[in-house]
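Asks: Got a sequence here, can you model it:
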Amino acid sequence: TNSFQYPQPNRQGDYISILSKFQDGQKSPHLVWQVVSSELNCRAQAGGNYRVVRSLSKGDNIDIVGKPKIYLDKQGKPWLYVAKEGSAEDVKIRCYVRANTLFIKPIPYSIS
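Replies: Next comes the predicted model:
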């Protein structure tokens, strides 16, 4: 059995940790996520009041950039600092998305 475990949300659906757990007990930040809401605002800072830098669509893959960690806004809600997978232009635009099951989910790493 594969006991690999993706980051688990809390009761509110918030991801308070982005660590995946491996069979051997090792933990590692999960860096690849997918947008699950039809539209997701990606903001200049961690918080719902900040300027929308870009809009992401359902099915978009996003990668955590910078230091892989959860950023909390003033309400204590978790955000991730991400870039959309794709063109060089996409990767250059970095912004924050709400780390909640309504908006994103961890996806399996693609082995290319």
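Asks: can you count the residues close to Y50?
Replies: By other C-beta atoms under 10 Å, 15 other residues sit near Y50. Every C-beta, even on glycine, is put in place using the N, C-alpha and C of the backbone.
Asks: what does I62 give?
Replies: So I62, with other C-beta under 10 Å, has 25 neighbours.
Asks: so where's this structure shaky on pLDDT?
Replies: Counting by pLDDT under 70, the chain has low-confidence residues at 1-2, 109-112.
Asks: Could you pull out the strands in it for me?
Replies: Ranges of strands in the chain, per DSSP state E, are 19-21, 27-29, 32-35, 39-43, 52-57, 61-64, 71-72, 78-84, 94-98, 104-106.
Asks: For my notes, please list the ones you listed in CSV and give distance to Y6 for each entry.
Replies: Converted to CSV, those look like this (distance: least, C-beta to C-beta, whole Å):
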stretch, distance to Y6
strand 19-21, 6
strand 27-29, 11
strand 32-35, 10
strand 39-43, 19
strand 52-57, 20
strand 61-64, 14
strand 71-72, 20
strand 78-84, 14
strand 94-98, 17
strand 104-106, 4
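Asks: out of those strands, which comes closest to Q5?
Replies: Closest approach to Q5 among the strands of the chain (C-beta to C-beta): strand 19-21, 4.3 Å.
Asks: hmm, back to that, out of the strands of the chain, which is closest to Q12?
Replies: strand 78-84 (9.8 Å).
Asks: Pull the residues that contact the closest one.
Replies: By C-beta atoms under 8 Å, 6 or more residues apart in numbering, the residues outside strand 78-84 that reach it are 14-16, 18, 33, 42-43, 46-47, 54, 56, 60-67, 70-73, 90-100, 104.
Asks: Identify the residue spatially nearest to D90, adjacent ones excluded.
Replies: Using C-beta to C-beta, 6 or more residues apart in numbering and skipping residues adjacent in sequence, the residue nearest D90 is K84, 4.4 Å away.
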